[in-house]
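Colleague: When you get a sec, could you give me coordinates for this:
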Amino acid sequence: MSMRADTSLTRIFGIPALVGVVSLVGLVSALFGDRGWDAAAWVGLAVPVAAVAWAYVCRRVIPGSPGRDRPSLDDA
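Modeller: Numbers count the residues shown, from 1 in each chain. Have a look, this model is predicted:
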């Protein structure tokens, strides 16, 4: 593999893999115990929710894409 292909794979799968690892750590820490483990579980399981919320807020709308002509809540 060339260096460019490695960089591309890292850019494509880096953040999703990190979110997956953090989620897995959160799930496993929820099984272990109380206090600090609970805090780690809350943080670990909040990361994917925060990522989805961020993606929803910052999403790009492509002109001419399906669903573009649907009325939004602002039109009501």
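Colleague: Enumerate every residue touching the closest residue to residue 25 other than its chain neighbours.
Modeller: Spatial nearest neighbour of residue 25, excluding adjacent residues (C-beta to C-beta, 6 or more residues apart in numbering): residue 44 at 4.9 Å. Every C-beta, even on glycine, is put in place using the N, C-alpha and C of the backbone. Counting by C-beta atoms under 8 Å, 6 or more residues apart in numbering, residue 44 touches 22-27, 29-30.
Colleague: can you do 10 Å?
Modeller: Taking C-beta atoms under 10 Å, 6 or more residues apart in numbering, we find residue 44 in contact with 19, 21-30.
Colleague: Residue 52 too?
Modeller: With C-beta under 10 Å, 6+ apart, residue 52 has these contacts: residue 19.
Colleague: Please, which helix or strand holds it?
Modeller: Assigned by DSSP states H and E, residue 52 belongs to helix 36-57.
Colleague: Could you list the buried residues of that helix?
Modeller: Neighbour-count burial for helix 36-57, counted by 16 or more other C-beta atoms under 10 Å, picks out 40-41, 44-45, 47, 51.
Colleague: what's the answer for stretch 7-25, then?
Modeller: Residues 19, 22-23, 25 are the ones in stretch 7-25 that count as buried (16+ other C-beta under 10 Å).
Colleague: can you tell me the average pLDDT over stretch 44-57?
Modeller: Mean pLDDT, stretch 44-57: 92.
Colleague: ugh, wrong one, stretch 25-33
Modeller: The model assigns stretch 25-33 a mean pLDDT of 91.
Colleague: same check, this time on stretch 11-22
Modeller: pLDDT averaged over stretch 11-22 gives 92.
Colleague: How about residues contacting it?
Modeller: Residues contacting stretch 11-22 (C-beta under 10 Å, 6+ apart): 7, 10, 40, 43-48, 50-52.
Colleague: just those residues now: which is nearest residue 34?
Modeller: Nearest to residue 34 among these: residue 40, at 11.1 Å, using C-beta to C-beta.
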